[in-house]
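> please find the sequence and the predicted model below.
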Amino acid sequence: MTSKDNTRTPFRFSPEEFAGAIGDFGTIIPLVLGVVLVSDLHPGHVLLFVALAYIITGVYYRLPVPVEPMKAIGAIVIAGELTHGEIVASGLIVGVLFLMLGFFRSMKTFQRLIPKSVIHGIQLGLALILLRTSYDFITLDPGPAMVGVLVVVVFLLMKRFLRVPDVAALVLIVMGVVWGLVARGGAPPPDLIPMPKLIIPSLSEWMSGFWELAVPQAPLTLTNAILATSLLFHDMMGKDVQPDRLAKSTGVMNIISVPLGGFPMCHGAGGLAAQYRFGARTGGSNIISGLILLPVAVWFSGSDHVALISYGIFGAMLLFVAIELGKYAFRTQSVIVTVSMAAMAFFAGFAVAFVVGMGLHWGMRRIG
């Protein structure tokens with residue numbers, strides 16, 4: 001079966017497709033809200049481009065191709081003070097990189113160069129940083145946070161023993177909004193999204209965006225968002241979605257959206273697994289996801305609406321994302337490389353961690 005066969009997959013808009021459409025919201029929404037909470041990105045612009053990317057990829061692939069914020073960039077932005085220009089620079093760098101890799105059919109070559117233990121080291125480092133940030137948010141508002149943490153624990157147990165959707169984050173958001181409405185005494189009025197403005201990074205923002213954000217994100221996107229997603233399509237659905245094709249769509253998404261206020265986006269094997277598990281089989285699921293997020297982005301994503309959710313609830317959501325991300329890191333082929341990288345990422349940054357991890361891997365291979 002070739003990738004051309006995918007164009008003949010009919011759209012479905014069934015209850016199963018709807019369930020699959022929200023299957024990956026559990027990681028998308030906390031990262032988006034966490035990023036806009038600590039940066040000057042407008043939540044409406046971020047959600048708008050996520051919604052449009054969902055709809056366009058659904059129409060283009062006619063399959064449930066996941067669209068997610070880039071987790072490495074998201075975690076680092078949430079944990080530190082980075083400018084909008086640095087985020088734009090990193091998104092453009094990663095976007096151009098994968099667009100070129102896709103056009104030159106280079107994905108398999110780079111897969112051989114970056115060991116899985118290094119990727120797992122990045123994942124574990126991200127999980128540790130998100131745990132630290134989660135703790136900071138929880139201490140700001142411990143009351144709602146404790147309730148939120150209880151919800152996270154309950155859903156983790158339910159996922160382990162029952163077939164339930166990954167909706168812990170959605171439940172937390174509803175709780176947070178209700179809590180905020182009661183505390184505020186009512187809802188803020190609808191807030192129409194402003195027109196996007198073109199953001200041009202400075203030279204220093206290009207440099208820091210490259211080292212601080214693009215370097216840790218690129219190998220994670222290469223392996224998890226592209227190569228693993230392509231393999232999962234073949235294994236689960238019998239569809240041949242070529243890695244180079246996914247690389248090109250990743251590049252186009254970022255080159256178009258990031259300079260206009262969007263957040264760097266990619267695909268993802270975890271997102272595909274979640275969507276598939278709850279019923280997504282066609283591009284109709286993606287279109288439903290986009291149509292759910294689009295009105296929220298246009299009318300209900302102003303700062304007053306985001307402020308309805310307490311910092312404690314944000315902390316509980318980030319705790320859930322950290323656990324989900326960190327559990328994959330322990331599938332590593334080298335505990336020494338992965339743990340060393342995670343420690344370096346936590347204390348010295350991901351650029352240093354990546355260099356250390358690659359050095360450890362090749363050094364141990366020569367000795368062994």
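Arrived safely.
> the biggest helix by length in the chain - contacts with which helices or strands?
What stands out as the longest helix in the chain, according to DSSP state H, is helix 116-140. If contacts are counted by 3 or more C-beta pairs under 8 Å, 6 or more residues apart in numbering; DSSP states H and E, helix 116-140 sits against helix 71-79, helix 142-161, helix 215-220, helix 311-326, helix 335-348, helix 350-367. Where C-beta positions appear, they are placed from N, C-alpha and C, glycine not excepted.
> which of those helices sits most buried?
helix 71-79 (a mean of 27; mean count of other C-beta atoms under 10 Å).
> avg pLDDT for stretch 124-139?
Averaging pLDDT along stretch 124-139 yields 85.
> buried sites along that stretch?
124-131, 133-134, 137-138 (16 or more other C-beta atoms under 10 Å).
> same check, this time on stretch 256-276
In stretch 256-276, counting by 16+ other C-beta under 10 Å, buried: 257-259, 261-276.
> what angle do the longest helix of the chain and helix 335-348 make?
40 degrees (axes from the mean of the first three to the mean of the last three C-alpha atoms, to 10 degrees).
> doesn't Ile55 belong to a helix?
Yes: under DSSP: H, G, I helix; E, B strand; the rest coil, Ile55 falls within a helix.
> isn't it right up against Leu291?
Yes: the pair Ile55 and Leu291 qualifies as a contact (C-beta atoms under 8 Å) at a distance of 7.3 Å.
> between those two, which has more neighbouring residues?
Ile55 (19 against 14; other C-beta atoms under 10 Å).
> once you drop chain neighbours, what's closest to that one?
Gly290 (3.6 Å; C-beta to C-beta, 6 or more residues apart in numbering).
> who does the strand or helix carrying Pro30 touch, helix- and strand-wise?
Using DSSP states H and E, Pro30 sits in helix 25-38. Helices and strands touching helix 25-38, as assessed by 3+ C-beta pairs under 8 Å, 6+ apart, comprise helix 43-61, strand 68-69, helix 71-79, helix 168-184, helix 269-277, helix 303-306, helix 311-326.
> need the contact partners of stretch 106-122.
72, 100-101, 216, 219-220, 222-224, 226-227, 243-244, 247, 328-334, 337-342, 345, 350, 353-354, 357-358, 361 (C-beta atoms under 8 Å, 6 or more residues apart in numbering).
> list the buried residues of it.
For stretch 106-122, by 16+ other C-beta under 10 Å, it's 106-107, 110-111, 114-122.
> which stretches of the stretch 151-300 of the chain have low pLDDT?
162-169 (pLDDT under 70).
> would CSV of the buried residues of stretch 106-122 with distance to Gly180 be doable?
Converted to CSV, the buried residues of stretch 106-122 look like this (distance: C-beta to C-beta, whole Å):
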residue, distance to Gly180
Ser106, 47
Met107, 44
Phe110, 45
Gln111, 45
Ile114, 43
Pro115, 45
Lys116, 42
Ser117, 43
Val118, 41
Ile119, 38
His120, 37
Gly121, 38
Ile122, 34
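> looking at the residues you listed, which is nearest Phe210?
In terms of C-beta to C-beta, no member of those lies closer to Phe210 than Ile122, at 16.0 Å.
> so what does Cys266 look like in phi/psi?
Dihedral angles of Cys266 (phi, psi; degrees, to the nearest 10) stand at phi -150, psi -180.
> and it, what does it touch?
Shown in contact with Cys266 (C-beta under 8 Å, 6+ apart): 68, 70, 221, 225-226, 250, 253.
> what residues are bridge-paired with it?
Applying DSSP bridges to Cys266 yields these beta-bridge partners: Glu68.
> quick one: Arg62 and Ser285, what's the gap?
Arg62 sits 11 Å away from Ser285, going by C-beta to C-beta, to the nearest Å.
> again, but for Leu220
Counting by C-beta to C-beta - Leu220 and Ser285 are separated by 24 Å.
> burial count for the closest residue to Ala187 other than its chain neighbours?
Nearest in space to Ala187, with sequence neighbours left out and distances taken as C-beta to C-beta, 6+ apart, is Leu181 at 5.8 Å. Around Leu181 there are 13 other residues, counting by other C-beta under 10 Å.
> same question, the one 4 residues further on
Using other C-beta under 10 Å as the criterion, Gly185 is surrounded by 6 other residues.
> gap between it and Gly270?
Taking C-beta to C-beta, one finds Gly185 at 39 Å from Gly270.
> Gly357 now?
Distance, Gly357 to Gly270, by C-beta to C-beta: 21 Å.
> same question for Thr250.
Note on Thr250: its distance to Gly270, by C-beta to C-beta, is 15 Å.
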